[in-house]
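Novice: quick one, structure for this:
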Amino acid sequence: MLKIGQIEYANCTPLFHVLREQFDCLEYEFILGVPAELNRLLQAGEIDVCPSSSIEYAYHPDLYSILPHVSISSIGAVASVLLFSHVPFENLGGSLIRLSSESATSVNLLKILIHLRFGLSCTYETAPPLSIDTEDSSSALLLIGDSALKTSLVKSAPYMYDLGELWHSWTGYPFVFALWLCRNEVAEGVELTKLSRQLVEAKEQVSEQLEQIAAGATEAEWMGKDRLLAYWRDNISYQLDEQAKAGLMLYYTKCFECGLIDAIPTLHFVSV
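Specialist: As a prediction, this is how the structure comes out:
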């Protein structure tokens with residue numbers, strides 16, 4: 001049985017809904033978690049495949065293969081990777097920035113933007129995904145996923161920056177937040193090939209089913225149906241086309257320039 005990690009964020013809800021409702025998943029076991037936890041399970045071999053933080057591939061390219069044609073990306077604003085700050089971005093030099101513990105991809109993206117785009121130097125501290133400390137006027141907080149979406153619904157800080165938008169306005173490329181990664185030992189298996197094809201088909205069906213999915217989504221209870229639909233339609237992309245791959249390689253290059261990875265990996269895809 002193929003063990004599949006399922007990210008418990010609103011950005012993954014449509015794809016997993018279609019996959020589980022429209023396709024034969026009897027041979028799959030789904031394990032829920034946040035990106036950092038699923039990365040750990042994938043690396044340890046406790047799950048076989050999942051939408052994993054894109055930086056995880058660069059950390060361990062020898063362990064994984066990439067499922068083609070599907071990702072979790074944004075082309076501009078992503079709405080769920082946000083920096084909440086008490087000062088404008090350009091005034092963050094020397095500040096303490098607290099970082100979500102849920103995803104290293106977004107943490108490294110922030111460090112790249114601070115160092116290479118804005119030419120600043122900051123200190124960092126990993127923190128649980130809670131709300132920003134309104135008593136600390138010198139700090140900023142990076143939140144991702146549903147924590148970012150929920151915090152953005154209330155005015156929790158004077159400044160809020162969307163990292164997907166900052167990346168796109170700087171480079172002109174999409175940003176790939178997550179890749180579907182599998183461990184190499186299952187890459188050639190029949191179950192993995194089946195899943196890879198199902199994901200591509202599910203991706204193509206998502207746009208036609210968003211209204212139906214939103215009607216039953218728990219996220220609509222706190223986000224509102226219209227806002228949730230706008231998030232899925234305007235901010236989240238499941239594509240992994242040539243532009244997205246170019247953006248991914250640019251991200252890896254800038255990670256290397258900042259000393260965040262030891263080498264720029266070559267993309268190795270599953271054959272399906």
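Novice: C-alpha from now on. contacts and neighbour counts both.
Specialist: Fine.
Novice: give me the domain ranges for the chain.
Specialist: Here the domain assignment for the chain is 2-74+174-257, 81-171, based on automatic domain parsing.
Novice: export the ones you listed as a markdown table, with columns for distance to Ile264.
Specialist: A markdown table is the format used below for the domains of the chain (distance: least, CA to CA, whole Å):
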| stretch | distance to Ile264 |
| --- | --- |
| domain 2-74+174-257 | 6 |
| domain 81-171 | 14 |
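Novice: a markdown table please, covering those and showing mean neighbour count and mean pLDDT.
Specialist: A markdown table is the format used below for those (neighbours: other CA atoms under 10 Å; pLDDT from 0 to 100):
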| stretch | mean neighbour count | mean pLDDT |
| --- | --- | --- |
| domain 2-74+174-257 | 19 | 96 |
| domain 81-171 | 18 | 88 |
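Novice: isn't Ala220 up against Tyr231?
Specialist: No - look at Ala220 against Tyr231 with CA atoms under 8 Å: they stay out of range, at 11.1 Å.
Novice: which SSE is the residue most central in space within the chain in?
Specialist: Residue closest to the mean C-alpha point of the chain, counted by CA atoms, centre = their mean, is Phe177 at 3.4 Å. Per DSSP states H and E: Phe177 is located in strand 175-183.
Novice: my guess is Ala187 contacts Ser196. True?
Specialist: No - contact criterion CA under 8 Å: Ala187 and Ser196 do not qualify, at 9.9 Å.
Novice: related to what we said a few turns ago, run through who's touching the strand holding Phe177.
Specialist: With CA atoms under 8 Å, 6 or more residues apart in numbering as the test, strand 175-183 has contacts from 42-43, 45, 48-54, 57, 63-68, 70-76, 105-106, 164, 167-168, 244-245, 247-248, 251.
Novice: quick one: name whatever helix or strand follows the host helix or strand of Thr193.
Specialist: Remark: Thr193 resides in helix 190-215, with elements defined by DSSP H and E. Scanning forward in sequence from helix 190-215 by DSSP H and E, the next helix or strand is helix 219-223.
Novice: tabulate the CA atom coordinates of that next one in PDB.
Specialist: Output in PDB follows, covering the C-alpha atoms of helix 219-223 (Å, rounded to 0.1, in the frame of the first residue of the first chain):
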ATOM      1  CA  GLU A 219     -12.100  26.200   5.500                       C
ATOM      2  CA  ALA A 220     -15.200  28.100   4.300                       C
ATOM      3  CA  GLU A 221     -16.400  28.200   7.900                       C
ATOM      4  CA  TRP A 222     -13.700  30.600   9.000                       C
ATOM      5  CA  MET A 223     -12.700  32.000   5.600                       C
END
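Novice: next helix or strand past that helix?
Specialist: The helix or strand immediately downstream of helix 219-223 is helix 225-234, counting by DSSP H and E.
Novice: elements contacting that next one?
Specialist: helix 190-215 (3 or more CA pairs under 8 Å, 6 or more residues apart in numbering; DSSP states H and E).
Novice: measure how far the helix it packs on is from the centre of its chain, please.
Specialist: Centroid displacement of helix 190-215 relative to its chain, using CA atoms, centre = their mean, to the nearest Å, is 18 Å.
Novice: tell me what angle it forms with helix 225-234.
Specialist: Put simply, helix 190-215 runs at 140 degrees to helix 225-234, going by axes from the mean of the first three to the mean of the last three CA atoms, to 10 degrees.
Novice: excluding its backbone neighbours, what's nearest Thr193?
Specialist: Val272 (5.7 Å; CA to CA, 6 or more residues apart in numbering).
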